[in-house]
Structures are given as structure tokens and as C-alpha cells.
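Trainee: Have a look; sequence and predicted model below, questions after that.
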Amino acid sequence: MRLLIGSLRLLSKLPLELLYRLSDLLFPLLYSIARYRRKVVRGNLLRSFPEKTLPEIRKIEREFYRYFCDVMMETVRQLSITEEEMRRRMVFSNEDLMMEQLRMGKSAMLMTGHYCNWEWALSVSYYTPQGAAVYPVYQRLNNPEFNEYMLQIRGHLGGHCVEKDDLVRRIYTLRKEGLVGIFGMISDQSPMKKFIRYRMEFLNQDTPVFLGTEQLARKYDYPVFYLDIRRIKRGYYTCEVVPVSLEPSLTAEHEITNRFMKLLETSIRRQPGFWLWSHNRWKHSNFTQSEL
């Protein structure tokens, strides 16, 4: 693992144009030879887009694997990328409303999914007012060396990573000290079966969802925003900061979660190849392998 991480650190110093050549070589290995999670990806696509023909599904599938290789190289580059280059490659819009909330003394919850380059979205930290930080919430990885490597990658863009079990403690500490921040939540993951409390229709499927972000936002009345990321071309993105709720304490139960999931679905349908289809998102759904 140390050798791998050392190699990735060296690769991070290469320009993206060269890293994309490695991505082009990686694609056939991952897609055709290793067939990495092909059954999961195909099943997810077939159930999400029942209206599409098999050739259309295969086109999205190949687009996903090509992009998956690209985003791996972009994440490698993230460790050494300069702020100037990052600002060119990830351009934000409509972020002023969220920054105004911070200047008013209110922390914010930022929801996104495994869509486009969600790691590069941490560069929103370049736009926060002085004294406010971005706190991406993460699940600790099993391998401590790789976990530390990913923390360094996220920290390079200004993220102060918070393990999910420490989130409430961090919120309490900031409130006690009179500080504000943006809490970044990857909110499209599948909860463990024993923790499922709510389901909704998402991409034509009955989908269990997490409620943690909504519960915290309603409890502390932290405004909630969604990152609508679009890939313009290879290595270049736009990111619109979309308000989900400016007064969460006044919302009904599940309202924020429903809004977020609908916004995410709209993004996915617009550019379907850029979501993380290899994630077994519907592993608790009632379907059989024979249906695939």
C-alpha cells in the first residue's frame, strides 16, 4: 500500500493531459478485461431507465466506465493541483446566497451525490468568508494509510474532514465558539438495512434514503444547499449552488430529503453517464438476479 500511495503522489504532479492518457489505457482493462462490477452497473441502469433500449443502456454504461477512469485520474491530480488551475476547472455560480448565510452567522449544510467530480466540489472553500471553513463528512476507510492519503487529498482543497461519528460534536464545538462552517454531505448512499427509516421513489425504484442531513438541518435551522455539477468537457465543470431550504425548521418531515433526491435525479437524467453506477445502491431492494 505504501508503494501504491507513493506512486500516486508522484503521478499527482503530472498534468491532467498526461493522466488522461493513463485513463484511456485503464478503460479497456477495467471494462473489458476485469469487467469491474459490470453486473451491478448493468442492473442499475436497466432498472433506472426502463424506457431505454439495450443499445442506449450500453452506451451509457461505456460512458460511465470511461468517466470513472477519468475521475480517478482527476482525484490523483487533486493532491498537487494549484488553486489557479482548480478555479479554471471547477467554476461556481449562485454561491453568494450561501456565503451570505455564513456572513449572517449561520452554518450551512451542503448536499451532493456521487455525481460528476464530487471531490473537486470541495474547492467551494475558496469562496467562503474569512473564519468560515468547509467540513466534508466522511466514513473512515479500513486501511489507515489510504484513509490518511484521502484526507490529505481533500485537505489540499481546504476541506477540514469530519468523521461522521464526530459530526454532532463538531457542530456543538463550532456553536460554542461562535464559529460557522459548511458541512458537506454525500447524501445518495444506501443506509444499512437496520437503519432504514424512509423510502421514496428514485430513478423508477423504491429507494431507502438517509435522513441525517435533514434531521440536523431542522434541529439547528441550518440552511441547506445542493451542488448541481455539470461536466462541460474533459476536466472542466460548472457547479451551481441551489437552495434546498433556507428555513429548515419550518419544513415538514422528509421535505428536504425529497427535494434533494429530486434535484439529484434531474442531474443524473441530464448526464446519466456521470453518476457512480458501480455502487450497489439498491442492494436492499426486492429484485432477483434473474430479472437482470
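Mentor: On my side now, so go ahead.
Trainee: With adjacent residues omitted, what lies nearest to Leu8?
Mentor: In space, and not counting its chain neighbours, Leu8 is closest to Val76: 5.5 Å by Cβ to Cβ, 6 or more residues apart in numbering. C-beta coordinates here come from the backbone N, C-alpha and C atoms, glycine included.
Trainee: just Gly113 next, same as before
Mentor: Excluding its sequence neighbours, the residue lying closest to Gly113 (Cβ to Cβ, 6+ apart) is Asp188, at 3.5 Å.
Trainee: before we move on, back to that, how about the strand or helix carrying the residue nearest to Leu8: buried residues?
Mentor: Secondary structure from DSSP states H and E places Val76 in helix 54-78. For helix 54-78, the neighbour count (16 or more other Cβ atoms under 10 Å) marks 57, 60-61, 64-78 as buried.
Trainee: Same check on stretch 249-256?
Mentor: Using 16+ other Cβ under 10 Å as the test for burial, stretch 249-256 gives Thr251, Ile256.
Trainee: Touching it from outside, list them.
Mentor: Residues outside stretch 249-256 that contact it (Cβ atoms under 8 Å, 6 or more residues apart in numbering) are Tyr198, Met200, Leu211, Thr213, Glu214, Ala217, Arg218, Asp221, Val224, Val244, Ser245, Pro248.
Trainee: and the fifth one, how far is that from Gln189?
Mentor: Relative to Gln189, Glu214 is positioned 14 Å away (Cβ to Cβ, to the nearest Å).
Trainee: More neighbours: the two, which one.
Mentor: Neighbours per residue, other Cβ atoms under 10 Å: of Glu214 and Gln189, the larger number sits with Glu214, 28 against 14.
Trainee: I'd like to know which elements the strand or helix carrying that one is packed against.
Mentor: Assigned by DSSP H and E, Glu214 belongs to helix 212-220. Applying 3 or more Cβ pairs under 8 Å, 6 or more residues apart in numbering; DSSP states H and E, one finds that helix 212-220 makes contact with strand 108-112, helix 167-177, strand 181-186, strand 224-233, helix 255-270.
Trainee: make it 6 Å
Mentor: Here helix 212-220 touches strand 108-112, going by 3 or more Cβ pairs under 6 Å, 6 or more residues apart in numbering; DSSP states H and E.
Trainee: okay, the angle between the strand it packs on and helix 212-220?
Mentor: 160 degrees (axes from the mean of the first three to the mean of the last three Cα atoms, to 10 degrees).
Trainee: could you point out which element follows strand 108-112?
Mentor: Next helix or strand after strand 108-112 toward the C-terminus (DSSP H and E): strand 133-138.
Trainee: Just give me how far the helix or strand following that following strand sits from the chain centre.
Mentor: Note on strand 133-138: by DSSP H and E, the next helix or strand toward the C-terminus is helix 144-156. The chain centroid and the centroid of helix 144-156 are separated by 16 Å under Cα atoms, centre = their mean, to the nearest Å.
Trainee: Now helix 144-156 - C-alpha only, CSV.
Mentor: What follows is helix 144-156, C-alpha atoms only, in CSV (Å, rounded to 0.1, in the frame of the first residue of the first chain):
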residue,chain,number,x,y,z
PRO,A,144,-5.3,3.6,7.8
GLU,A,145,-2.7,4.6,5.2
PHE,A,146,-5.2,5.0,2.4
ASN,A,147,-7.5,6.8,4.8
GLU,A,148,-4.8,9.3,5.6
TYR,A,149,-4.0,9.7,1.9
MET,A,150,-7.6,10.6,1.1
LEU,A,151,-7.7,13.1,4.0
GLN,A,152,-4.6,14.8,2.5
ILE,A,153,-6.3,15.0,-0.9
ARG,A,154,-9.4,16.6,0.5
GLY,A,155,-7.4,18.9,2.7
HIS,A,156,-5.5,20.2,-0.2
